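[1] fold the following and give me the result.
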Amino acid sequence: MKCRYATRLRAIAAATSIIECIRCVERVSAAFWARFYKKPYIISPRGSLMKEPMEKKSSLIKKIFLFLFVRRDLKNASAVHFTVEAEKEEYMKASLPLKKAIIIPNGFDIIEFKKQLSQNFFRNKFNIGADKKVILFLSRLNWKKGLDTLIPAFAEVLKKESRAVLVLAGPDEKNYKKEIELKIVNCKLKIGKDVIFTDMLIGEDKISAYRESDVFVLPSYSENFGMAVVEAMACGLPVIITKGVGISKEVEKAGAGIVIEKDERQLIEAILKILENPQMGKEMGQRGKKLVEIEFSSEKVAEKWIEEYNEIINNA
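    So this is what the prediction gives:
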């Protein structure tokens with residue numbers, strides 16, 4: 001079985017043979033061979049061992065797999081990598097084996113998000129008027145992302161702010177879009193007018209969507225990190241996220257947005273608060289931009305990884 005090596009690990013793999021294992025099956029195989037050849041290895045669960053994913057989907061299968069294989073791999077790992085403190089906290093509560101914890105966020109290429117783009121590129125492409133207030137959801141269309149809260153919350157927002165429009169930008173996953181469309185209709189919203197689907201956005205389309213929106217919303221049940229939140233902040237967009245999103249503490253501390261429980265009423269109030277106070281939203285966006293530059297740049301993340309790799313190698 002193949003093992004996926006992290007990009008930055010490849011640069012020093014020949015000298016160190018440290019393996020960063022990400023996906024479950026690959027992780028088991030990689031960890032086995034690392035132990036066989038007496039090489040140190042790091043396991044990066046990437047949110048797969050957090051409470052919500054374990055309980056919501058295929059929990060029995062995951063728990064059996066965890067009991068039979070993963071606990072042994074975790075016990076013998078030189079370190080377990082977490083992207084945020086919240087992920088580590090949930091891991092500790094589960095009483096899983098841990099020799100050493102490494103907390104390093106996902107890296108982010110800031111330069112890509114500083115490109116000069118045509119004005120109103122996104123709005124013109126999807127026929128969104130300049131007077132509209134865009135609430136942007138940019139993520140996979142998946143049960144975990146909290147659309148069951150967002151759709152009815154937006155229906156209430158629209159009653160107080162008639163210029164609001166909800167943009168759902170992301171690929172459909174497991175045909176979940178049909179369920180979303182049904183909820184939209186049940187909330188007496190119009191697809192193509194009140195709610196706009198764009199499918200997956202990449203490159204300039206995605207950057208323009210962030211820049212031309214008024215607020216970014218991600219009311220997820222659980223996110224081990226929340227890369228789309230970082231992208232939104234890099235574009236100076238105020239964010240509204242749930243406490244289940246991994247970087248919620250960082251966002252709240254920086255004052256880069258509003259952090260809520262996964263609650264419809266709280267979501268309504270948070271959206272209206274930002275839409276009705278554009279200056280406040282602008283200030284949040286500026287603080288978010290600064291947070292990204294200080295904490296999440298690829299260069300700083302790479303430096304942290306190299307430091308951790310060297311420490312593990314020296315202690316092996």
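[2] strands of the stretch 201-316 of the chain, residue ranges please.
    Ranges of strands in the stretch 201-316 of the chain, per DSSP state E, counting those that start in this stretch, are 215-218, 239-242, 257-260.
[3] how about these, which one is nearest V157?
    strand 215-218 (10.2 Å; Cβ to Cβ). Yep, even glycine has a C-beta here, placed from its N, CA and C like the rest.
[4] for the closest one, give the mean pLDDT please.
    Here strand 215-218 scores 98 as its mean pLDDT.
[5] so which residue is dead centre in the protein?
    The centre of the chain sits closest to G226, judged by Cα atoms, centre = their mean, with a distance of 1.6 Å.
[6] tell me the contacts of it?
    With contact set as Cβ atoms under 8 Å, 6 or more residues apart in numbering, G226 has these partners: L218, S220, I241, V245, G246, I247, S248.
[7] re the thing from before, make TSV out of the strands of the stretch 201-316 of the chain and add distance to I110.
    Below are the strands of the stretch 201-316 of the chain laid out as TSV (distance: least, Cβ to Cβ, whole Å):
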stretch	distance to I110
strand 215-218	17
strand 239-242	17
strand 257-260	18
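[8] out of those strands, nearest to I207?
    Counting by Cβ to Cβ, I207 lies closest to strand 215-218 out of the strands of the stretch 201-316 of the chain; the figure is 12.8 Å.
[9] packing partners of that closest one?
    If contacts are counted by 3 or more Cβ pairs under 8 Å, 6 or more residues apart in numbering; DSSP states H and E, strand 215-218 sits against strand 133-138, helix 227-234, strand 239-242, helix 264-276.
[10] list the strands paired with it, with their directions.
    Applying DSSP bridges, strand 215-218 is found paired with strand 133-138 (parallel), strand 239-242 (parallel).
[11] in which helix or strand does R71 reside?
    Element membership of R71, judged by DSSP states H and E, is helix 71-76.
[12] and the following helix or strand past that helix, what does it pack against?
    Per DSSP H and E, helix 71-76 leads on to strand 79-82 as the next helix or strand towards the C-terminus. When contacts are defined as 3+ Cβ pairs under 8 Å, 6+ apart, strand 79-82 packs onto strand 41-43, helix 85-93, strand 101-103.
[13] please redo it, this time with the cut-off set to 10 Å
    Contact partners of strand 79-82 among helices and strands, from 3 or more Cβ pairs under 10 Å, 6 or more residues apart in numbering; DSSP states H and E: strand 19-21, strand 41-43, helix 85-93, strand 101-103, helix 298-315.
[14] out of the ones you listed, nearest to E181?
    Among the helices and strands packed on strand 79-82, helix 85-93 comes nearest to E181, with 32.1 Å by Cβ to Cβ.
[15] does L150 belong to a helix, a strand or coil?
    At L150 the chain is in helix, as set by DSSP: H, G, I helix; E, B strand; the rest coil.
[16] for it, give me its contacts.
    Residues near L150 by Cβ atoms under 10 Å, 6 or more residues apart in numbering: 135, 137, 157, 166, 168, 180, 183, 195, 217-220, 240, 262, 264, 267, 271.
[17] great, nothing more from me.
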